[in-house]
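Enquirer: this is a predicted model, with the sequence first.
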Amino acid sequence: MKSGSLLVNIARGGLIDDQALLEGLAAGRPEKAVLDAFSTEPLPGDHPYWTHPNVIVTAHTSNAGQGTASRSAEQFIRNLRRYLAGEPPGDEVDPESLLEGL
């Protein structure tokens, strides 16, 4: 991938070689990744994607339930606009806060 590129996977987790992506991110190729599907689901709590500063993990919302496609498209466009404006996504998840109270 080109240096500084953004990889988005909302398809199937098996399309991404996790180790190759982590190595690519370390080299800035791609610079960032947004992942909605993973080769192992649920994504293990100790997976490097959770803590990687250039990876955004979403809650596998790209499934095809009623109304999901339009909501997902709206969410994607909102976050794309934020990304292009240099802002963080509006619905980032902090993995540490997910574990609070467990």
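Expert: Sure thing, it's come through.
Enquirer: which stretches of this structure form strands?
Expert: Here the chain has its strands, by DSSP state E, at 6-9, 32-35, 55-57.
Enquirer: which residues does the last one contact?
Expert: Strand 55-57 is contacted from outside by 25, 32, 33, 34, 35, 43, 49, 50, 89, 92, 93, 95, using CB atoms under 8 Å, 6 or more residues apart in numbering. All C-beta spots, glycine's among them, are computed from the backbone N, C-alpha and C.
Enquirer: what about 10 Å?
Expert: Identification of contacts with strand 55-57 by CB atoms under 10 Å, 6 or more residues apart in numbering yields 6-8, 21-22, 25, 32-36, 38, 43, 47-50, 79, 83, 88-89, 91-93, 95.
Enquirer: ok so, going back, including distance to residue 73 and mean pLDDT, could the strands of the chain go into JSON lines?
Expert: As requested, the strands of the chain are arranged in JSON lines below (distance: least, CB to CB, whole Å; pLDDT from 0 to 100):
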{"stretch": "strand 6-9", "distance to residue 73": "13", "mean pLDDT": "92"}
{"stretch": "strand 32-35", "distance to residue 73": "14", "mean pLDDT": "93"}
{"stretch": "strand 55-57", "distance to residue 73": "17", "mean pLDDT": "91"}
